[in-house]
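> All I have is the shape, not the residue letters:
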């Protein structure tokens, strides 16, 4: 199974770091291992230096060419996004505050792809909030129990515990600022390796159930 992951990666260009990529690559590597290396994952974003390279076995980093002149890193989209989504069996959006995730959600649903969305308990773009786009996702994933308990959605909410603070990775400041909210000094951006392994095992089960249920519905 080929899985497309989008979201969070735009923050790395703003913070001049690889915190988002490191987090996603670490989690993706564990998911691939949990699948017995039967699955592959692409970490997709839109950037000024397009290309594709392997991060580890079964995990690729894909940067699509940016369309137009976006005001902030989180406004980036690409004309190549539909093609990138078309070849995926499942799409997981790791944030609700980037334009690429909004567009990927709409493309994936139009193509009848199963979609997971990670909910961090943060307000996204006005389009996501006003049109309640997260309700289009098939499953909402929460890494924090307090966030999971606070989500009011008719969609299934799955708790996948992981000690990651999204503010440390990078949360956009109020638009049109091309900067991140300042993280508190005690914020931690990464959980322990056994936490990532456990989270990956949970995601493997979620993905299997979601793909299986949609295939049965289509039969």
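Perfect, I can see it now. As the structure is a computational prediction, the values presented were derived from the model and not from experiment. Numbering: from 1, shown residues only.

> Torsion angles phi and psi at residue 163?
phi -80, psi 70 (degrees, to the nearest 10).

> what's the answer for residue 34, then?
Backbone geometry at residue 34, expressed as degrees, to the nearest 10, gives phi -60, psi -30.

> Excluding residues flanking it in the chain, which one is nearest residue 70?
Closest residue in space to residue 70, ignoring its immediate chain neighbours: residue 76 at 4.8 Å, by C-beta to C-beta, 6 or more residues apart in numbering. Bear in mind the C-beta positions are built from the backbone N, C-alpha and C, glycine included.

> strands paired with whichever helix or strand residue 91 is part of, and their directions?
Element membership for residue 91, per DSSP states H and E: strand 90-93. Sheet pairing here is set by DSSP bridges, and for strand 90-93 it gives strand 2-6 (parallel), strand 115-118 (parallel).

> Check the offset of the helix or strand immediately after that strand in the chain from the chain's centre.
Using DSSP H and E, the helix or strand that follows strand 90-93 towards the C-terminus is helix 99-110. Remark: helix 99-110 is offset 12 Å from the chain centroid, using C-alpha atoms, centre = their mean, to the nearest Å.

> what do you get for stretch 91-111?
That offset, for stretch 91-111, works out to 8 Å (C-alpha atoms, centre = their mean).

> what comes up buried for it?
For stretch 91-111, the neighbour count (16 or more other C-beta atoms under 10 Å) marks 91-105, 107-109 as buried.

> wait, what's in contact with residue 81?
Contacts here follow C-beta atoms under 8 Å, 6 or more residues apart in numbering; on that basis residue 81 touches 44, 46, 64, 100, 103-104, 107.

> please redo it, this time with the cut-off set to 7 Å
With contact set as C-beta atoms under 7 Å, 6 or more residues apart in numbering, residue 81 has these partners: 64, 100, 103-104, 107.

> And the strands in the protein, which stretches?
Residue ranges of the strands in the chain, as given by DSSP state E, are 2-6, 40-47, 51-56, 59-65, 90-93, 115-118, 139-142, 157-159.

> Mind putting the ones you listed into JSON lines with mean pLDDT and distance to residue 84?
Formatted as JSON lines, the strands of the chain follow (pLDDT from 0 to 100; distance: least, C-beta to C-beta, whole Å):
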{"stretch": "strand 2-6", "mean pLDDT": "98", "distance to residue 84": "6"}
{"stretch": "strand 40-47", "mean pLDDT": "97", "distance to residue 84": "6"}
{"stretch": "strand 51-56", "mean pLDDT": "97", "distance to residue 84": "10"}
{"stretch": "strand 59-65", "mean pLDDT": "98", "distance to residue 84": "6"}
{"stretch": "strand 90-93", "mean pLDDT": "98", "distance to residue 84": "10"}
{"stretch": "strand 115-118", "mean pLDDT": "96", "distance to residue 84": "14"}
{"stretch": "strand 139-142", "mean pLDDT": "95", "distance to residue 84": "21"}
{"stretch": "strand 157-159", "mean pLDDT": "95", "distance to residue 84": "25"}
